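# Here's my sequence, what's the structure:
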Amino acid sequence: MHWLLAGAIALIGLILAPGLSFYFDVTPKLVVLLLAVACAWTWPRPSWRNPLWVLTILSALSLALSTHSSLGLWGSTWRRYGAITQITILLLALALSTQSHHAVKILRVIVAAGAITAIYGIAQYFGFDPVLPAAAYHAGEGVWSIVRPPSTLGYVSYFATWLVFIVFLGFAIPGRLSLAISGLAAAAMIPTGTRAAILGTAVGFAVWLYWRGLRIPRRAVVAGALAVVAGIAFLLSPAGTQLRSRTRWFAEDPWGGARPLLWRDSARMALDRPLTGHGTEVFISAFPHYESVDLARAYPDFAHESPHNIFLDAAVSQGVIGLLLLSAFCILGFRSAWRARGKHPQICAALAGALAAGIVAQQFTVFTIPTAALFFATIALAAGLAGPPDVLRPRLPLALPLVFAAAYYTIADHELLRARRALDVNDLNAPAPSTGDLWYSRMLLNAAQRSPDVQQRLRAIQQATIAARRATRTAEDPFNAWYNLAGILAAQNHAAGTEQALRQAIASRPNWFKPHWTLAQLLLMERRFEEARLQAVRAADLDGGKHPEVAATLLRLQK
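Numbering: from 1, shown residues only. Predicted structure coming up:
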């Protein structure tokens, strides 16, 4: 079974399916996770003396209590980290803990996958990418242009967090090849320009040294010094131009962008429901009611999808229970590594370093499927090494709901992919997908505007309107759904419906400047000048001077 579990984690990190999957960097990883755990249907007998079992059961209960909607069950589209996914990852960790006697073999497979992701990320930095469009991870222009490679992990921060674990898990494996892969992972981390990962690596290295008894081999000192010299040389070379541009961004934004304000507002959100939390995967819809004016002004066009911190994410989603359970998992990992260090000094030092580095790095990001799988796998291997082997019992019925969930995600994703392919060629008669109403409404409306057939165009606009209305109930970001509906109704000269939709968008996200600004223009057209002026003042205040057209509207009303 250890080959299956190790291969699953490796494949979760590696798999991408552009052209074959709509959410090509999320859905395939989730399907692999579900099917792998379904196949590994031999489970340890539950034991209240096994802390990993206790924490898993309590976490499942907490997730059940915090799942208030289908979104909380199935997960948001951008990371699919709902209750089903989280419980499945914990089951994967449980199974992995029973295979800890194969820890080195398991880690070899995972670290090998890490080497592939590292090589791909480095290739992306240097402009070679046969899989993904380079524009997706380039930002800025001219001398400020930067590239932040995501490799196969979907986004640069998640790639860097993944590499943090690979660096230290490579230390657990005897031999020079594994150390070379650790070095490769560290090298691949540098072009990402992710400060959280670099800080996490530094902390993890300190923990690893402490676990080893503060003994540093002379060869490691020489290798580290050479790596520093090589890094400085690369930064100063022509190849390091884009990385130097990234350091300029650091100088202009030393506090990590929106994060300090986001953390403050997220903490206030968590304190509002300290016991039960707001529910899993509802942050993007619930947070706007706690978003401060300061944050809205600083980033007026940005919708925050998470607190960018694993502990705040747990507190917001599951309340203090979720926060305590996540903390307990971390404590269990360190405690287990400490207990088992006598028999397995090299492995336990590496697991402790990986866990410490991962915790620090994820103070600036939230879990995704690959990073969560590695995080809990690290804890599970440590727990397995520290405790007696569990008694295995067949649990075949567990596979059935997991296979059903995998089929659901696959079918829903395929429907969206089929709809996109049809709309890309202006085929307006393709069946509507059962999910993604907001996306489908927008895409169908764009395709309708390109159609030369008037009757077909009108029929498509009607279908887009129906999907837009449905999206106000189903979308994970209702403020965008209401704003989208307002635009469609405005194009149909439905003034009353447009005003109602805009006011609903404001109610869903009070400190978003855009619906205030659009409503001001609508009220101005209806010659409701005082109401328009109030909305324009509010829009200009929330916009923070970022958009000249917003200030122009206010200026027009003040004349």
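# Report the secondary structure element holding the spatially closest residue to residue 437 that is not a sequence neighbour.
Ranked by C-beta to C-beta, 6 or more residues apart in numbering and with sequence neighbours excluded, the top spatial neighbour of residue 437 is residue 471, at 3.8 Å. C-beta: built from backbone N, CA, C; applies to glycine. According to DSSP states H and E, residue 471 maps onto helix 454-474.
# dump the residue contacts of residue 537.
Residues near residue 537 by C-beta atoms under 8 Å, 6 or more residues apart in numbering: residue 554.
# Any idea which helix or strand in the chain has the lowest mean pLDDT?
Every helix and strand of the chain was ranked by mean pLDDT, DSSP states H and E. The lowest is strand 392-394, at a mean of 52.
# next helix or strand past that one?
Going down the chain from strand 392-394, the next helix or strand is helix 399-424, by DSSP H and E.
# in the helix or strand following that following helix, what's buried?
Scanning forward in sequence from helix 399-424 by DSSP H and E, the next helix or strand is helix 437-450. Neighbour counts over helix 437-450 (16 or more other C-beta atoms under 10 Å) mark 437-445, 447-448 as buried.
# Give me the angle between helix 437-450 and helix 399-424.
20 degrees (axes from the mean of the first three to the mean of the last three C-alpha atoms, to 10 degrees).
# Helix 437-450 vs helix 454-474, what angle?
Going by the same axes, to 10 degrees, helix 437-450 makes 160 degrees with helix 454-474.
# how far does helix 437-450 sit from the chain's center?
26 Å (C-alpha atoms, centre = their mean, to the nearest Å).
# who does that helix touch, helix- and strand-wise?
Taking 3 or more C-beta pairs under 8 Å, 6 or more residues apart in numbering; DSSP states H and E as the contact definition, the neighbouring helices and strands of helix 437-450 are helix 399-424, helix 454-474, helix 478-491.
# Tell me which residues are up against the second one.
Contacting residues not belonging to helix 454-474 are listed as 428-429, 432, 435, 437-438, 440-442, 444-445, 447-449, 451, 478, 481-482, 484-485, 488-489, 492, 501, 504 [C-beta under 8 Å, 6+ apart].
# roughly how far apart are the residue nearest to residue 437 and residue 67?
Plainly put, residue 471 is 21 Å away from residue 67 if you go by C-beta to C-beta, to the nearest Å.
# ditto for residue 296
29 Å.
# cool, residue 367 as well?
Note on residue 367: its distance to residue 67, by C-beta to C-beta, is 16 Å.
# Pull stretch 72-90 out as PDB, backbone CA atoms only.
Output in PDB follows, covering the C-alpha atoms of stretch 72-90 (Å, rounded to 0.1, in the frame of the first residue of the first chain):
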ATOM      1  CA  GLY A  72     -18.800  23.900   2.300                       C
ATOM      2  CA  LEU A  73     -19.200  20.300   1.300                       C
ATOM      3  CA  TRP A  74     -17.800  20.300  -2.200                       C
ATOM      4  CA  GLY A  75     -15.400  23.300  -1.900                       C
ATOM      5  CA  SER A  76     -14.800  26.500  -3.800                       C
ATOM      6  CA  THR A  77     -13.800  26.300  -7.400                       C
ATOM      7  CA  TRP A  78     -10.300  27.900  -6.800                       C
ATOM      8  CA  ARG A  79      -9.000  25.200  -4.400                       C
ATOM      9  CA  ARG A  80     -11.800  22.600  -3.800                       C
ATOM     10  CA  TYR A  81     -11.000  22.400  -0.100                       C
ATOM     11  CA  GLY A  82     -14.400  21.600   1.300                       C
ATOM     12  CA  ALA A  83     -15.300  19.100   4.000                       C
ATOM     13  CA  ILE A  84     -15.000  16.100   1.600                       C
ATOM     14  CA  THR A  85     -11.500  17.100   0.500                       C
ATOM     15  CA  GLN A  86     -10.300  17.800   4.100                       C
ATOM     16  CA  ILE A  87     -11.600  14.500   5.500                       C
ATOM     17  CA  THR A  88     -10.100  12.600   2.600                       C
ATOM     18  CA  ILE A  89      -6.700  14.200   3.200                       C
ATOM     19  CA  LEU A  90      -6.900  13.100   6.900                       C
END
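# outside of it, which residues touch it?
23, 26-27, 30, 33-34, 37, 56, 59-60, 63-64, 66-67, 71, 279-282, 284, 305, 366-369, 372-373, 376, 402, 405, 408-409, 436, 476.
# of the residues you listed, buried ones?
By 16+ other C-beta under 10 Å, the contacts of stretch 72-90 give 23, 26-27, 30, 33-34, 37, 56, 59, 63, 66-67, 71, 279-282, 284, 305, 366-369, 372-373, 376, 402, 405, 408-409, 436, 476 as buried.
# Now residue 18. Its backbone dihedrals?
Main-chain dihedrals, residue 18, degrees, to the nearest 10: phi -60, psi 140.
# Next, the contact list for the closest residue to it other than its chain neighbours, please.
Leaving out its chain neighbours, the residue that sits closest to residue 18 by C-beta to C-beta, 6+ apart is residue 24, at 4.5 Å. By C-beta under 8 Å, 6+ apart, residue 24 lies in contact with 16-18.
# quick one: low-confidence parts of the stretch 101-250 of the chain?
140-144, 214-228, 230-250 (pLDDT under 70).
# Quick one: the helices in the stretch 1-150 of the chain, in order.
2-14, 27-39, 51-66, 70-74, 83-97, 103-125 (DSSP state H, counting those that start in this stretch).
# want to try a markdown table for those, with distance to residue 314 as columns?
Below are the helices of the stretch 1-150 of the chain laid out as a markdown table (distance: least, C-beta to C-beta, whole Å):
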| stretch | distance to residue 314 |
| --- | --- |
| helix 2-14 | 21 |
| helix 27-39 | 20 |
| helix 51-66 | 9 |
| helix 70-74 | 14 |
| helix 83-97 | 10 |
| helix 103-125 | 24 |
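# List phi and psi for residue 173.
Dihedral angles (degrees, to the nearest 10) for residue 173: phi -100, psi 130.
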